[in-house]
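[1] curious how this folds, go ahead:
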Amino acid sequence: MSTIEQPPGSAPHPPTGEQFLEVQASPEFQDLRRTLRKFVFPMTAFFLLWYALYVLLGAFAHDFMATEVWGNINVGLILGLLQFVSTFVITGLYVRFANRELDPRASKIREEMEGEA
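    I've put the predicted structure just below:
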């Protein structure tokens with residue numbers, strides 16, 4: 001076996017920089033980026049607005065945030081805990097979205113690219 005040949009089942013040669021640029025300019029890759037942005041940008045905006053609301057309420061609505069809901073549990077504590085909950089929900093939504101929409105497209109692009117190498 002020469003140094004050029006690869007054993008069966010081994011990884012293909014890495015793509016060249018020129019191949020990466022070609023794939024980056026391809027309609028499939030641009031569609032993948034567009035799909036990612038359609039999820040990430042609105043979700044980021046939602047979370048930042050939600051967090052800003054929490055901070056503003058904490059800074060300017062002391063009485064509202066101190067409103068007791070149950071025992072020593074107040075609105076501020078509940079909204080603070082909901083920050084964590086929303087982070088986990090957004091993460092779960094992203095994972096589901098990536099598994100369903102992004103990963104199949106990215107795998108197809110990668111397989112096509114590795115096939116060219």
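[2] measure the closest residue to A66 other than its chain neighbours to L82 for me?
    In space, and not counting its chain neighbours, A66 is closest to N74: 5.5 Å by C-beta to C-beta, 6 or more residues apart in numbering. Quick note: C-beta positions are derived from backbone N, CA and C, even for glycine. Separation of N74 from L82 (C-beta to C-beta, to the nearest Å): 13 Å.
[3] these two - which one has more neighbours?
    Legend: neighbour count by other C-beta atoms under 10 Å for N74 and L82, higher for N74 (16 against 13).
[4] T87 - how many residues pack around it?
    Neighbours of T87 (other C-beta under 10 Å): 13.
[5] quick one: it from G80, how far?
    For T87, the distance to G80 equals 12 Å [C-beta to C-beta].
[6] so which helix or strand takes in the residue most central in space within the chain?
    Central residue of the chain (C-alpha atoms, centre = their mean): Y94, 5.4 Å from the mean position. Secondary structure from DSSP states H and E places Y94 in helix 75-97.
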